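K.L.:
sequence below, structure please.
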Amino acid sequence: MNKHYILASLCVLSLTLTACGSDDDHNDTMVVTPTPEPVPTPTPEPEPVFEPFIYAVKVTNITRGQPLSPLAAMIFNGEYQMPQIGEPASVALEVLAESGDNSQWLQAAMVDEHVYMSTSAEGGPLLPGASTTVMLEVDPGAEVPADMYLGLVSMLANTNDGITMLDATDLAQLQVDESASWTTLSYDTGTELNSESADTIIGPAAAGGLQEGFNAVRDDIVDELRLHSGVISYDDGLMGSALSEAQRFDNPVMRVDITRMQ
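P.N.:
You can find the predicted model right below:
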């Protein structure tokens, strides 16, 4: 065999092998990275919104001759305490009971953390047989109160220091459009002697006297809240009394009708 032919064949074979090796060196693999799914942004839970509680409180004077001073009304929780029998009256209650002025009583309620709201009935004294309605609203904000109680206080104007009050009546179970009724008793705050004189009573029966209202001196026999024994009057022998049989009263002295409006 011709050696030149053999050399030529070897060269062709060498070139072929080199070309194959070159193909292997450039056989790159393409890596595809998947696009990540978008992460949804969580929607915040909306803050709960509670409707206000609205109550219509109708009060009626059911005495014969005792005007009632403008009513002080409040709604509070179970931590608040209305005046208690056997305990001395606060100065704010003394002012209300002797003069009919409920402003100090309401101011004290406004700064008490356990009182949801407080207000005074509009207008002047509530005359015998007359009625008035007070609208009370509690805005619970973001949380419904666990308990709500109603308290009412008013002075019997033709007395020295007599009041009537509704003490911590539970409102929590009263549903919308439901109503409930109560009557109230009379109490003696024990801050002023029951002289029934025209100088110490503010009511219309004492017209012509000094009609002094609040007096800081406490001259009653017992300085504590108790049930009122009623007035004696001039007709029944109390000399110096400005009152007559017409101003006598028996319990109850006030009717209260409550309706939850919302």
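
K.L.:
look up how far Asp257 lies from the residue nearest to the spatial centre of the chain.
P.N.:
Closest residue to the average C-alpha location of the chain: Tyr116 at 2.4 Å, with CA atoms, centre = their mean. Per CB to CB, to the nearest Å, Tyr116 is found 21 Å from Asp257. (Glycine included, C-beta is placed from N, CA and C.)

K.L.:
repeat that for Thr132.
P.N.:
Computed as CB to CB, the Thr132 to Asp257 distance reads 11 Å.

K.L.:
repeat for Leu166
P.N.:
Taken as CB to CB, the span from Leu166 to Asp257 is 11 Å.

K.L.:
could you do Glu143 as well?
P.N.:
Per CB to CB, Glu143 is found 29 Å from Asp257.

K.L.:
before we move on, what about Ala130?
P.N.:
14 Å.

K.L.:
pull up the overlap in contacts between those two.
P.N.:
Shared contacts of Ala130 and Asp257, defined by CB atoms under 8 Å, 6 or more residues apart in numbering, comprise Thr60.

K.L.:
okay, Glu143 and Asp257: which has more neighbours?
P.N.:
Neighbour totals were compared for Glu143 and Asp257, and Asp257 leads with 15 against 8 (other CB atoms under 10 Å).

K.L.:
got the contact list for that one?
P.N.:
Counting by CB under 8 Å, 6+ apart, Asp257 makes contact with 57-60, 179-181.

K.L.:
swap the cut-off to 7 Å and go again
P.N.:
58, 179, 181 (CB atoms under 7 Å, 6 or more residues apart in numbering).

K.L.:
quick one, phi/psi of the second one?
P.N.:
Backbone geometry at Ser179, expressed as degrees, to the nearest 10, gives phi -130, psi 160.

K.L.:
cool, and the last one?
P.N.:
In this entry, Ser181 is assigned phi and psi values of phi -130, psi 150 (degrees, to the nearest 10).

K.L.:
dig out what it forms beta bridges with.
P.N.:
Beta bridges link Ser181 to Asp257 when assigned by DSSP bridges.

K.L.:
for Lys58, see how far away it is.
P.N.:
Taken as CB to CB, the span from Ser181 to Lys58 is 9 Å.

K.L.:
which of those two has more neighbours?
P.N.:
For the pair Ser181 and Lys58, the greater number of neighbours falls to Lys58 (15 against 10), based on other CB under 10 Å.

K.L.:
quick check, that one in a strand?
P.N.:
Yes. Counting by DSSP: H, G, I helix; E, B strand; the rest coil, Lys58 falls inside a strand.

K.L.:
contacting residues for it?
P.N.:
Counting by CB under 7 Å, 6+ apart, Lys58 touches 131, 133, 257.

K.L.:
Ala198 contacts Tyr234, doesn't it?
P.N.:
No. Ala198 is beyond contact range of Tyr234, at 10.6 Å (criterion: CB atoms under 7 Å).

K.L.:
where does pLDDT dip in the stretch 51-200 of the chain?
P.N.:
Applying pLDDT under 70 to the stretch 51-200 of the chain picks out residues 142.

K.L.:
quick one: the strands in it?
P.N.:
Counting by DSSP state E, counting those that start in this stretch, the stretch 51-200 of the chain has strands at residues 53-61, 72-76, 115-120, 131-138, 149-155, 162-170, 179-188.

K.L.:
what's the angle from the first one to strand 131-138?
P.N.:
With axes from the mean of the first three to the mean of the last three CA atoms, to 10 degrees defining the directions, strand 53-61 sits at 160 degrees from strand 131-138.

K.L.:
give me the buried positions along strand 53-61.
P.N.:
Across strand 53-61, burial judged by 16 or more other CB atoms under 10 Å covers 53, 55, 57, 59-61.

K.L.:
show me where this protein has helices.
P.N.:
In the chain, the helices defined using DSSP state H lie at 3-25, 91-99, 103-110.

K.L.:
the shortest one packs against which elements?
P.N.:
Counting contacts by 3 or more CB pairs under 7 Å, 6 or more residues apart in numbering; DSSP states H and E, helix 103-110 is packed against strand 72-76, helix 91-99, strand 115-120.

K.L.:
which positions within that helix qualify as buried?
P.N.:
104-106, 108-109.
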